[in-house]
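> Build me a model from this:
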Amino acid sequence: MSAAETRDGAAAGSGWAGARGTLQQFWKGLAPRERRLVSVAAALVFVLLLWLVALRPALTTLRTVPAQLDGLDGQWQVMQQLANEARDLRALPKVAPEQGRAALQAATTRLGDKGRLTIQGDRITLTVTGVGAAQLQDWLQEARAAARARPVEATLTRAGTGFNGSIVLSLGGSP
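I've put the predicted structure just below:
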């Protein structure tokens, strides 16, 4: 082995080995009481790191998961109700276009001057001005149940205590 190889090997090994040797000398230079204090401090740091990295995240997860599961279960139940409602609506017999238009006109009449219906083929547009949320919800439910109409576009803005805008519906099986 050449002198250069010995130097390179010593330099490479001196990184960890040198630091370890320096640390051992430092440790041996401490009084027994100081060694105990350093050991206790190192143990406390270890316990703190264990708490921060392993235990606290796990305990936080255990605390928050039940509430999240309840929320997800509620969402799942709503989705099941909507799926059942959609299945039931698909099973209903088709409504003739004339009968559907008549049902929509009757529902719009109940909105009074707050709603106006425009019919263009199989597309029907309801234009509302200041209609309340409950009235709009009732109208949409009646449109879906009595006329088998489905919304294809809605442009609504909140105005005071009601809504302004328009809803475009498609009758029957038309896209």
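> Export whichever strand or helix holds residue 50 to CSV, keeping only CA atoms.
In this structure, residue 50 sits in helix 32-50 according to DSSP states H and E. Provided in CSV are the C-alpha atoms of helix 32-50 (Å, rounded to 0.1, in the frame of the first residue of the first chain):
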residue,chain,number,x,y,z
PRO,A,32,-20.4,11.2,36.3
ARG,A,33,-23.0,13.8,37.3
GLU,A,34,-22.7,15.5,33.9
ARG,A,35,-22.9,12.2,32.1
ARG,A,36,-26.2,11.5,33.9
LEU,A,37,-27.5,14.9,32.9
VAL,A,38,-26.5,14.5,29.2
SER,A,39,-28.0,11.0,29.2
VAL,A,40,-31.3,12.3,30.7
ALA,A,41,-31.3,15.2,28.1
ALA,A,42,-30.7,12.7,25.3
ALA,A,43,-33.5,10.4,26.6
LEU,A,44,-35.9,13.4,26.8
VAL,A,45,-35.0,14.4,23.2
PHE,A,46,-35.7,10.9,22.1
VAL,A,47,-39.0,10.7,23.9
LEU,A,48,-40.0,14.1,22.4
LEU,A,49,-39.1,12.9,18.9
LEU,A,50,-41.0,9.7,19.4
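> Contacts for that helix, please.
Contacts to helix 32-50, defined as Cβ atoms under 8 Å, 6 or more residues apart in numbering, come from residues 27, 30. Placement of C-beta: from N, CA and C, glycine included.
> how does it look with 10 Å?
26, 27, 28, 29, 30, 31, 55, 56 (Cβ atoms under 10 Å, 6 or more residues apart in numbering).
> Pull out the buried members of those residues.
Buried members of the contacts of helix 32-50, scored by 16 or more other Cβ atoms under 10 Å: none.
> would a markdown table of these with pLDDT and distance to residue 150 be doable?
Listed next are the contacts of helix 32-50 as a markdown table, based on pLDDT from 0 to 100; distance: Cβ to Cβ, whole Å:
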| residue | pLDDT | distance to residue 150 |
| --- | --- | --- |
| 26 | 88 | 79 |
| 27 | 88 | 79 |
| 28 | 88 | 84 |
| 29 | 90 | 84 |
| 30 | 88 | 81 |
| 31 | 91 | 85 |
| 55 | 91 | 53 |
| 56 | 91 | 50 |
